[in-house]
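S.K.: I need the structure of the sequence given here:
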Amino acid sequence: MSGRKIAAATVQNRTQTPFWNWLKQKLLASDRLPITPPPGIAGPDGKAVYQNPLRFPNTQSARPCSAELPALPGGVHHKLADNYYLTRDGRRNVDAPKVLYSSGEFVGGEKAQPAQVNQGVATNFGLTAPTPGFGAEWSRSKQNELASQQKNTEFEYLQRFDKFTKSA
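M.R.: Presented below is the predicted three-dimensional model:
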C-alpha cells in the first residue's frame with residue numbers, strides 16, 4: 001500500500017472539548033492511579049492512551065492509483081471497470097419456465113399411467129374391513145379374526161356387547 005493518504009497530515013481530526021476528553025479518559029479508565037497497572041500497552045511515558053476507533057481521512061490510504069491492480073485471470077470479468085452489465089449478468093441467460101401442462105393435459109412426453117396400488121382389502125391387509133363413513137356397521141366374529149385373536153378369551157366376552165352398538 002502506498003503511504004499517500006486521502007487528506008493531508010495538516011488536517012485536524014474532529015474531537016471533543018478538553019473537558020469531554022478528560023471525562024472520557026476517566027470513564028474508560030485509561031488514566032489510572034500510579035499503583036494500578038495500565039489498561040493496555042503503555043506508551044513511552046508509561047501511560048496508556050485511549051486509541052480512538054473512529055476513522056478519519058488522514059489515517060486512511062487513498063485507493064485510486066495507490067494500490068497495485070489485482071492479478072485477475074482473463075475473461076469477461078477481468079476488467080475492474082467498463083465491463084458491459086448485460087453480458088456478464090447471469091440472470092440475463094435464464095429462459096422462461098417450460099409449460100408442463102395446459103388446461104389439464106400434459107404438453108410434453110408420454111402420459112404416465114398411474115400404478116395400481118390398491119389390490120383390494122384381502123390382498124393389502126388380509127382382513128375384510130368396512131368402508132369408512134356413514135352406514136358402515138362393524139360386525140365382529142371369530143372366523144374373520146387372525147389366529148392370535150381367535151384364541152383370545154376376552155374376545156368372546158366383548159362379542160356379547162356388539163348387539164348394543166348396532167344401529168336401529
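
S.K.: per-domain residue ranges of this structure.
M.R.: 1-66, 126-164 (automatic domain parsing).

S.K.: Number of residues surrounding Ser14?
M.R.: Heads up, residue 14 is Arg, not Ser. Residues lying near Arg14 (other CB atoms under 10 Å) number 7. Yep, even glycine has a C-beta here, placed from its N, CA and C like the rest.

S.K.: Out of the domains of the chain, point me to the one whose mean pLDDT is lowest.
M.R.: Sorting these by mean pLDDT places domain 1-66 lowest, at a mean of 70.

S.K.: Do I have it right that Asn21 meets Thr15?
M.R.: Yes: applying CB atoms under 8 Å as the test, Asn21 and Thr15 come out as touching, 6.8 Å apart.

S.K.: For the biggest helix by length in the chain, buried residues please.
M.R.: The residue-count maximum for a helix in the chain (DSSP state H) belongs to helix 18-27. For helix 18-27, burial by neighbour count (16 or more other CB atoms under 10 Å) applies to Gln25.

S.K.: Who are the packing partners of it?
M.R.: If you count contacts as 3 or more CB pairs under 8 Å, 6 or more residues apart in numbering; DSSP states H and E, helix 18-27 packs onto no helix or strand.

S.K.: Pull out the C-alpha coordinates of that helix and format them as CSV.
M.R.: Extracted in CSV, the C-alpha atoms of helix 18-27 (Å, rounded to 0.1, in the frame of the first residue of the first chain):
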residue,chain,number,x,y,z
PRO,A,18,-10.9,19.2,26.7
PHE,A,19,-13.5,18.6,29.5
TRP,A,20,-15.2,15.8,27.5
ASN,A,21,-11.8,14.3,26.6
TRP,A,22,-10.9,14.3,30.3
LEU,A,23,-14.2,12.7,31.3
LYS,A,24,-13.9,10.1,28.5
GLN,A,25,-10.4,9.2,29.8
LYS,A,26,-11.7,8.8,33.3
LEU,A,27,-14.7,6.7,32.4
